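K.L.:
fold the following and give me the result.
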Amino acid sequence: MHVLVTGGAGYIGSHTVVTLIGAGHRVTVVDDLSNSSEESLRRVGELTGQPVAFHRLDVRDRRGLDEMFARAASSGHPVEAVIHFAGLKAVGESVVEPVRYYDVNVGSAVVLLAAMHDAGVRRIVFSSSATVYGDPVCVPIPEDAVVQPANPYGRTKAVIEGLLRDVAASGTGWQVSLLRYFNPVGAHPSGRIGEDPTGTPNNLLPFVAQVAVGRRREVAIFGDDYDTPDGTGVRDYIHVVDLALGHVAALDRPPAPGTPLVVNLGTGTGASVLEVIRTFSEVAGVPVPYRIAPRRPGDVAACYADVSVATEVLGWKAQRSLADACADTWRWQRSNPNGYR
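P.N.:
This next block holds a predicted model:
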């Protein structure tokens, strides 16, 4: 199958491209490189033994998308499905810049779906997020939990999910999978590709790794007074390789046209911020200093998944542990102390 991966040069996208190629799929990547590096795709080619077709393009560029779909069709290998990762993803930043988040995230989805419609492509796997659940009533969180995002980033994901539900219900043959995943961590076991945030990391594990490697002085823990076992936030940390395999499983098992498939991708267990720091320090064999800082707007106490639907419907289950993720992250960080630069 020929799969278009938007945001394919990014952290989750690049790992998914490796997995797709390993599963025998043809892949084309679209990415504007605003928060990623083309070097990641060069290394994907190195890992897979074949170069990755790449178009540097903002997904909101309708003309560029139309030309890409047309070129693929004229080559005899039309795009048959899309995995849509492209977008902004920092909760705190979204609180400060909500208009930008709606413009980029919702705007790119609208343009992409219109281009897909005209190109006759009707299968899409959307990279959604557990942030759509907001502050959950109960954990683990099932897919039928109330959607009540607590920040602009989560609300953009919920809006896109609503749009995709409407598209699926349009009677035009769309097959839509909405993957709500939790906290991606880790790196490819080779150490050749991993998470390389631009500027200050927004996610915990890359920040911890940068402290461990000496790029930063300490980790800031945002709040230690949550209603959790040690007072710090609890999240479901899923290894990025497991997450990539979940996307391929969703691609290979699409729902019937008309009814979107909604699936949580997580481990089904939670780990606190302090637990992550301790685990990383033990695996890496280096101390990771930290300090307690005020809570961040939009954060919730605990968020982890009920993953029974993923197991039953997709035949997928996370296999890698938090310690595995820490070991792979440390291998990536030590080998690439400045990321792809």
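K.L.:
surely Ser14 touches Glu38?
P.N.:
No: with contact defined as CB atoms under 8 Å, Ser14 does not count as touching Glu38 (10.4 Å). From N, CA and C alone the C-beta is placed, and that goes for glycine too.
K.L.:
tell me the buried residues in stretch 100-108?
P.N.:
For stretch 100-108, the neighbour count (16 or more other CB atoms under 10 Å) marks Tyr101, Tyr102, Val104, Asn105, Val106, Gly107, Ser108 as buried.
K.L.:
I meant to write stretch 154-166 there.
P.N.:
Gly154, Arg155, Thr156, Lys157, Ala158, Val159, Ile160, Glu161, Leu163, Leu164.
K.L.:
strands along the protein, start to end?
P.N.:
2-6, 26-31, 53-56, 81-84, 123-129, 175-181, 183-185, 219-222, 234-235, 237-239, 261-265, 271-272, 290-293, 302-303 (DSSP state E).
K.L.:
the ones you listed: which one's closest to Pro136?
P.N.:
Of all the strands of the chain, strand 302-303 sits nearest to Pro136, with 6.2 Å by CB to CB.
K.L.:
mean confidence score for the closest one?
P.N.:
The average pLDDT for strand 302-303 rounds to 91.
K.L.:
check contacts around Val262.
P.N.:
Contacts for Val262 were tallied using CB atoms under 8 Å, 6 or more residues apart in numbering; they are Glu143, Glu161, Leu178, Arg180, Val309.
K.L.:
drop anything exposed from those residues.
P.N.:
Here, 16+ other CB under 10 Å leaves Glu143, Glu161, Leu178, Arg180, Val309 buried among the contacts of Val262.
K.L.:
ok, which pair from these is furthest apart?
P.N.:
Farthest apart among the buried ones among the contacts of Val262 by CB to CB are Glu161 and Val309. That separation is 15.4 Å.
K.L.:
mind putting the buried ones among the contacts of Val262 in TSV, pLDDT and distance to Arg216 included?
P.N.:
What follows is the buried ones among the contacts of Val262, written out as TSV (pLDDT from 0 to 100; distance: CB to CB, whole Å):
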residue	pLDDT	distance to Arg216
Glu143	98	37
Glu161	98	35
Leu178	98	35
Arg180	98	30
Val309	98	38
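K.L.:
among the residues you listed, which one lies nearest to Ser281?
P.N.:
Distance to Ser281 across the buried ones among the contacts of Val262 (CB to CB) is lowest for Arg180, with 30.2 Å.
K.L.:
bridging residues for that closest one?
P.N.:
According to DSSP bridges, the partner residues bridging Arg180 are Ser128, Asn264.
K.L.:
in this structure Ala72 contacts His2, no?
P.N.:
Yes: applying CB under 8 Å as the test, Ala72 and His2 come out as touching, 6.6 Å apart.
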